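>>> give me a 3D structure for the following:
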Amino acid sequence: MGEGMGHVVDIAAGVGMDRALLGNKGAGLVRMRGLGLRVPPAFVITTQACRSYLDDGAQPPGLLDEIDAALVELERQRGLRLGDPECPLLLSVRSGAAVSMPGMMDTVLDLGVTEATRAGLVRRGGPGFALDSHRRFLESFGTVVLGIEQGAFDRVSAALEVPGAGDEERLAAEVAAFTQVIGAHADEGLLDDPRAQLRLAVEAVFRSWHSPRAAVYRRLHGIPDDLGTAVAVQAMVFGNLNARSGTGVVFTRDPNTGEALPYGDFLFTAQGEDVVSGEHDTDPLPVIADRLPEVYRQLTDVFDTLERHTRDLCDVEFTIESGRLYVLQTRVGQRSGRAAVALAVDLVDEGVITEAEALDRVTDEQLAAASAPRFTGEPPADALLARGLAASPGAVTGRAAFDAERAQRLRADGVDVVLLRPTTSPADLPGVIASVGVVTGRGGRTSHAAVVARGMGRAAVCGVGELVVARDRRSATLAGRPLVEGDEISVDGDRGVVSLGHRDVSTATTTDPALARFLGWQRTHRPAATPTPMTTPTARGSA
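Below is the predicted model of the structure:
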């Protein structure tokens, strides 16, 4: 951004800047732009600004002026203006700590939609697109910035379910109702002032550093509390614009097994939150190759470019807008213990890293998870509950719980728990931590449940079908089968199978060639550190 502007950095000027200042997301944007990838213009508000805000309770002096100057440049690059009724610019406002904390902090999307600017969106993509973007913004701004409970919006939406109503009619009713909900909590005129919304959104993202779920995640992963988060402010591109638009989240290799094939989820006519929230059943990547083959070729080129640069598995978020590919985010991807070992071995074979580097790539926890036993064969037919997506590997058995609080209570009593939810949100994090396995009715392989479970070494199966939890959260039905709290459930995260009762396991060290080679390197290079392979795990240790 220029010298003296210490709190705001345009991604075009961030080359060589410290990740601790730009955050993981901001550093990724700078890296991708430097590699020549198509990245929507953005600027980053630094972690230093966040720390100052959290210490003083106010934005640091001059920050608003820096944001205004950065916004002028962003508007110039996009040819759009924030708040302009004819050519409106919409923004995403995203958190980004120096250490990746997926889903733990807040994001505001579609900032810049007002009653006045919606007309410009109608001209660009039609009334359905404009109303959908407005509805999304109101819900995002209301919950994240104003602190309105999600249930207030959910209840309004449920009350508007009218048989036979068209999509545009329903969306218009939701926009009107959501506006009323927000009007009860905010000053009149706020929803007509995008610049005031941007200021408040930035502060809300700063505050989310201290949210309960973020604090729990930091404690679990040993992340210092004083780092703070950067804020990435980026021009929106729209996966919900039309039928040739969509959004996806992809790992450049399978984060469960390490296999050298792209692994991820995609939705046409959707925005990124639709993919990661777990509220929708997603499509596999080949749907892009079928409908937009040239875009798919560009996407695979992006994966190759990022892997060559990082020498590692990458997690990539992208949007396709009217057949044009944009890359929104990248980071080194979280992976299971099994994938960590397999990837390290493959990268040695590819000549990318040395055997010594491979040993440094795998933590003790990942090696223990890779060495954990696996279920043998298939469960009996009468015990099979459901099949879904193998979202995080592992072979575990535990007692069923249907909400995060109940899972924590059972774990406190010494019970191994399997958490079953229709879908999970960041608020379910304490329940995931308390559990040995996770099962969700909806959601794909890059949903919140899958990513968090994989990073924590919890077995997970997602998208198993209809899962309905009773109001008292002590019972449920899964694919029509009744379950009660305490039922013994086995989760096979390798095969995507959920079954009743206990199942036998076999050791991994005799069946996994990559693990055997890795342990051989460890005996050669670090004989004193070579662990004894796990042979008789508990259910909790076998995740």
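>>> any stretches of the stretch 1-150 of the chain with poor pLDDT?
Along the stretch 1-150 of the chain, segments meeting pLDDT under 70 span 1-5.
>>> kindly recompute the last result at 90.
1-6, 14-18, 100-104 (pLDDT under 90).
>>> likewise for the stretch 401-543 of the chain?
423-429, 442-457, 465-466, 471, 479-480, 494, 504-512, 526-543.
>>> can you pull out the strands in it?
For the stretch 401-543 of the chain, the strands defined by DSSP state E, counting those that start in this stretch cover 417-421, 437-440, 459-462, 467-469, 475-478, 481-484, 488-492, 497-500, 505-506.
>>> gap between the fifth one and the chain center?
Relative to the chain's own centre, strand 475-478 is displaced by 26 Å; criterion: Cα atoms, centre = their mean, to the nearest Å.
>>> tell me the SS of the nearest residue to residue 136 once chain neighbours are set aside?
Using Cβ to Cβ, 6 or more residues apart in numbering and skipping the chain neighbours, the partner closest in space to residue 136 is residue 110 (4.9 Å). C-betas here are computed from N, CA, C, even on glycine. Here residue 110 takes the strand state, with states given by DSSP: H, G, I helix; E, B strand; the rest coil.
>>> surely residue 110 touches residue 236?
Yes - taking Cβ atoms under 8 Å as the definition, residue 110 is a contact partner of residue 236 at 6.3 Å.
>>> tell me, what's touching the two both at once?
Shared contacts of residue 110 and residue 236, defined by Cβ atoms under 8 Å, 6 or more residues apart in numbering, comprise 90, 92.
>>> contacts for the helix or strand encompassing residue 9?
Assigned by DSSP states H and E, residue 9 belongs to strand 8-10. Identification of contacts with strand 8-10 by Cβ under 8 Å, 6+ apart yields 1, 17, 21-22, 26, 41-46, 49, 63, 66-67, 69-70, 73-74.
>>> just the ones of the residues you listed in helices?
Judged by DSSP state H, the subset of the contacts of strand 8-10 located in helices is 21-22, 26, 49, 63, 66-67, 69-70, 73-74.
>>> out of those, who has the most neighbours?
residue 26 (29 neighbours; other Cβ atoms under 10 Å).
>>> need the contact list for that one.
When contacts are counted by Cβ under 8 Å, 6+ apart, residue 26 touches 9, 11, 14, 44, 46, 96, 230, 232.
>>> find the nearest non-adjacent residue to it, please.
residue 44 (3.7 Å).
>>> for the one you found, give me its contacts.
Going by Cβ under 8 Å, 6+ apart, residue 44 touches 8-9, 11, 14, 22-23, 25-26, 29, 96, 230-233.
>>> what do you get for residue 47?
Contacts of residue 47 (Cβ under 8 Å, 6+ apart): 20-23, 97-98, 227-230.
>>> repeat the analysis, applying 7 Å as the threshold.
The contact partners of residue 47, by Cβ atoms under 7 Å, 6 or more residues apart in numbering, come to 20-21, 23, 98, 227-230.
>>> could you measure from it over to residue 118?
Separation of residue 47 from residue 118 (Cβ to Cβ, to the nearest Å) stands at 34 Å.
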